[in-house]
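Q: any chance you could fold what I've pasted below:
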Amino acid sequence: MRAELLKGFEVEMFTGRPNGTVVGCSTAAAAALPGVVTEPDQRNLEYITPPEADYGRQLCHLLKPRQQLRQWLHQRGLTLLPGSTLSLGDSRSFQRSDPQNPYHSFIEQSYGTRVVTASVHINLGLNSPEEIFAACRLLRCEAALLLALSASSPFLDGQVSGAHSQRWLQFPLTPALVPLFRDHGHYIAWMEEQLAAGSMRNVRHLWSSVRPNGNDRPHDLNRVELRICDLVTDPIQLLAITAYAELRLLQLLDHGGHDPLTASSLSLERLEALADANDRAAAQASLEAPLHHWANGEQLSARHWLEAQLQQLSNWAGPGELHDRLQPLGQLLAEGNQAMIWLARHRAGESIGELLSSGAAAMEAQELDLVSKLCADSAGSLG
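A: Residues are numbered from 1 along each chain as shown. Coordinates of the predicted model:
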């Protein structure tokens, strides 16, 4: 098996009061704290971890900026909130972080608060365009599984939305139809067509479940970016989901039998439609969603597909770091993802505010515990 891949995270989070009420402060936070980035709406913000192959060091990269941000927020009576939508509202109004930014004006006028969500983007480094586009094809066809594991947005505006990932259902995928790219040349030509037609405003305006990424898109690429996951506040679960995605890519690179371009009985056009339909189904019902496998179109639940994949990946990887990192997913499958746990507790009588408040407190307590145990220095690890 090849060495572990470089990986990094783009983490978007909501800020607010300990009672779960969202309060925007990203402009001030970004001005005060290096590494904090604004989003068009000031109620959520982002921080980015550096590329790092080692999971223990990447864990510290996830935690340390969050600790610095928390200290700044605490001075203002604020905290970080779990969830990937405006769970307690208000989605009727857009709260600009930079009223003078013309791109933010375009976002607000075009999409409104559909884009006001929190998520985590997982970037995995690869060495060549051939690897990158094979990875994009595989992850695009299995993105629904990653959403099923990470779903954490069952609420909007103080109401149960009816979906496990309201975020993914409301977010404006752009352009509406994105192909499974055959190769780098196909991607470059398609991007140039979209920019010329105005369906994309710039090279960053490709909002899909998975996309190629790099320093000079569409030409200079060095990674694949998985964009479908809801916010995963538990960093141990996030690293487990990342290890799952990384192992799938290592399998793909080890032997090409997992590339949908050559390993599926379906055409690329049917695979595109199947992948998008699977994503919508996973957004609706996450682990219980009926999905269709890209290899042959056969139906199975997200849970059963994941259970089979995890068993196969554990056997293939054998003892070692990546195998160990997968272990929290067994508990996640048994207990449910964040959305499922919240919905069960809500049905039992807890209010949405109570769920967000207890979730924010639990997130902070877990971070403090992990930092004290694992991140005494930059090389801290899970052992």
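Q: residues contacting stretch 315-334, please?
A: Contacts to stretch 315-334, defined as Cβ atoms under 8 Å, 6 or more residues apart in numbering, come from residues 1, 4, 55, 149, 236-237, 239-244, 246-247, 250-251, 287, 303, 306-307, 310, 313-314, 382. (Each C-beta comes from the backbone N, C-alpha and C, glycine too.)
Q: actually, stretch 165-172.
A: By Cβ under 8 Å, 6+ apart, the list of residues contacting stretch 165-172 reads 84-85, 110-111, 114-115, 117-119, 147, 150-156, 161, 163, 207, 228, 230, 279-280, 282-284, 286, 339.
Q: which of the contacts of stretch 315-334 are buried? Put it as a ChimeraX command.
A: Only the buried entries of the contacts of stretch 315-334 go into this ChimeraX selection, using 16 or more other Cβ atoms under 10 Å:
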select :4,55,149,236,237,239,240,241,242,243,244,246,247,250,251,287,303,306,307,310,313,314
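Q: of the contacts of stretch 315-334, which belong to helices?
A: Mapping these onto helices (DSSP state H) picks out 55, 149, 236-237, 239-244, 246-247, 250-251, 303, 306-307, 310, 313-314.
Q: got a list of what the residue nearest the centre of the chain touches?
A: The C-alpha lying nearest the average C-alpha coordinate of the chain belongs to Cys229 (Cα atoms, centre = their mean; 2.7 Å). By Cβ under 8 Å, 6+ apart, Cys229 lies in contact with Ser119, Val120, His121, Ile122, Leu146, Leu147, Leu149, Ser150, Ile241.
Q: give me that answer again for 6 Å
A: Contact analysis of Cys229 by Cβ atoms under 6 Å, 6 or more residues apart in numbering lists Val120, Leu146, Ser150.
Q: could you tell me the per-residue confidence at Gly256?
A: At Gly256, the pLDDT value in this model is 74.
Q: got the phi/psi numbers for the nearest residue to it once chain neighbours are set aside?
A: Computed as Cβ to Cβ, 6 or more residues apart in numbering, the closest residue to Gly256 that is not its neighbour in sequence is Thr262, at 6.5 Å. The phi and psi values for Thr262, taken as degrees, to the nearest 10, are phi -120, psi -20.
Q: what are the boundaries of the strands in the stretch 201-350 of the chain?
A: In the stretch 201-350 of the chain, the strands defined using DSSP state E, counting those that start in this stretch lie at 210-213, 223-226, 290-292, 299-301.
Q: most packed of these?
A: Of all these, strand 223-226 carries the top mean neighbour count, a mean of 24, counting by mean count of other Cβ atoms under 10 Å.
Q: what lines up beside that strand in the sheet?
A: Strand pairing for strand 223-226, determined by DSSP bridges: strand 120-125 (antiparallel), strand 210-213 (antiparallel).
Q: among those strands, which is nearest Leu368?
A: strand 120-125 (20.2 Å; Cβ to Cβ).
Q: average pLDDT for that closest one?
A: pLDDT averaged over strand 120-125 gives 98.
Q: repeat that for stretch 308-327.
A: Rounded mean pLDDT across stretch 308-327 is 94.
Q: could you pull out the helices for the protein?
A: Using DSSP H, helices in the chain cover 26-32, 55-74, 102-111, 129-150, 166-170, 184-197, 235-254, 260-263, 268-285, 302-317, 321-325, 328-335, 338-347, 352-374.
Q: of all the ones you listed, which one is nearest Pro18?
A: helix 352-374 (6.0 Å).
Q: for that closest one, packing partners?
A: helix 55-74, strand 79-81 (3 or more Cβ pairs under 6 Å, 6 or more residues apart in numbering; DSSP states H and E).
Q: make CSV out of these and add distance to Gly353.
A: Shown next, in CSV, are the helices and strands packed on helix 352-374 (distance: least, Cβ to Cβ, whole Å):
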stretch, distance to Gly353
helix 55-74, 19
strand 79-81, 11
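Q: understood, closing this out.
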